[in-house]
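**Student:** requesting a structural model of the entry that follows:
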Amino acid sequence: MRKGRLIAAIALLAFCGTIGDASAGEATIRVGNLDAVLTTPADVERPPVAVLIAGSGSTDRDGNGPQAKPATLKKLAEQLAERKIATLRYDKRGAGGWKPEFGKPEDFRFKDYVDDAVSLVNYLRDGGKFSRVAVAGHSEGGLVAILAARQTQLDRVVLLVTAARRQGDLLKAQLERRQIPPDVLEPILKAIDSIMAGQTVDPPPRGFAIAPSMQPSLASAFVIDPIDPLKSIDKPVLIVGGGRDLQVARLDFAALSAASPLAKTLWVPDMNHVLIDVTDDADNMAAYSQTDRALDTTMIDAVAAFIKADDKR
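**Tutor:** Numbers count the residues shown, from 1 in each chain. The predicted structure is shown next:
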């Protein structure tokens, strides 16, 4: 939950390797203070490229966090490379622990995530090596993608299992679905409302140990409504949802689709929140830690076709 953690700064490396069945180049690079991996398909001159934006928490370039390790972004990068699309994926601020490069953690605001994505898009555009630049945001990363699309020149926006609600409201809905005793749940819900209203909750309630100094950082994420910013995007948008997603509901998919009526949409009935087809709740939870589990191919094909398509909005 500590969104104000800071991302490490690593020296510039350059290394080419082989990914999956398709030969692709992979280079670890540094853009400003961001550490990233640029994956490029072999034998393609000026391919399209997508910036892959991770979901909530201290998530790294592969899409792994401290607990869940589904390697969602790494697998997506591999599959897109096989479809002749380059990708840039990066460590979010906070991945790998609190580092000093981004200042004090209590000064973090959600706009910093957006600024990071914008800087990566601009980096890719400045080199002239790619035919077009897209952003593909996973979960909370979809909100970052929406906001980044308003601040820089993009060709495509992909929203993968992205919420249509403010994150504070989404968190409350997720907590209400869990089997949390009312005497524990109610103070947490009230604390979230207070933080969204710009208030400080001190001491924080049991089960929601967010230090008062970090609550403004959290509030900056909790209060952003994605709907109006999405309506203002004038570039092609693809919205993808999954029928077995335990974190983002179909109503979010529907609301995003309504806000962007010209967007292309894809609903995958058996796909969960980490973009894997699952059979039941147990399989769903297990998929969060199965790094070798394949992503849904219908989703991958749709994303690849959308990024490479010549249609304009």
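
**Student:** and residue 158, that one's in a strand?
**Tutor:** Yes - assigned with DSSP: H, G, I helix; E, B strand; the rest coil, residue 158 falls within a strand.

**Student:** contacts only, for it.
**Tutor:** Applying Cβ atoms under 8 Å, 6 or more residues apart in numbering to residue 158 gives the contacts 50, 134, 135, 136, 137, 145, 237, 238, 240, 303, 306, 307. Just so you know, the C-beta spots here come from the backbone N, C-alpha and C atoms, and that holds for glycine as well.

**Student:** list just the nearest of those to residue 179.
**Tutor:** Nearest to residue 179 among the contacts of residue 158 is residue 240, at 29.4 Å by Cβ to Cβ.

**Student:** helix or strand: which one has the closest one?
**Tutor:** strand 237-242 (DSSP states H and E).

**Student:** export that strand as CSV, just CAs?
**Tutor:** Extracted C-alpha coordinates of strand 237-242, given in CSV (Å, rounded to 0.1, in the frame of the first residue of the first chain):
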residue,chain,number,x,y,z
VAL,A,237,-8.1,3.2,-27.3
LEU,A,238,-8.4,-0.5,-26.6
ILE,A,239,-10.2,-1.6,-23.4
VAL,A,240,-9.7,-5.2,-22.2
GLY,A,241,-11.5,-6.9,-19.4
GLY,A,242,-11.6,-10.4,-17.9
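
**Student:** what packs against that strand?
**Tutor:** With contacts taken as 3 or more Cβ pairs under 8 Å, 6 or more residues apart in numbering; DSSP states H and E, strand 237-242 sits against strand 156-160, helix 250-259, strand 264-268, helix 297-308.

**Student:** residue 39 is nearest to which of the ones you listed?
**Tutor:** Nearest of these to residue 39, taken as Cβ to Cβ: helix 297-308 at 13.6 Å.

**Student:** orientation of the closest one relative to strand 264-268 in degrees?
**Tutor:** Helix 297-308 and strand 264-268 are oriented at 170 degrees to each other (axes from the mean of the first three to the mean of the last three Cα atoms, to 10 degrees).

**Student:** and helix 297-308, which residues are buried?
**Tutor:** Using 16 or more other Cβ atoms under 10 Å as the test for burial, helix 297-308 gives 299, 300, 302, 303, 304, 306, 307, 308.

**Student:** among those, which one sits closest to residue 206?
**Tutor:** Nearest to residue 206 among the buried residues of helix 297-308, counting by Cβ to Cβ, is residue 299 at 38.8 Å.
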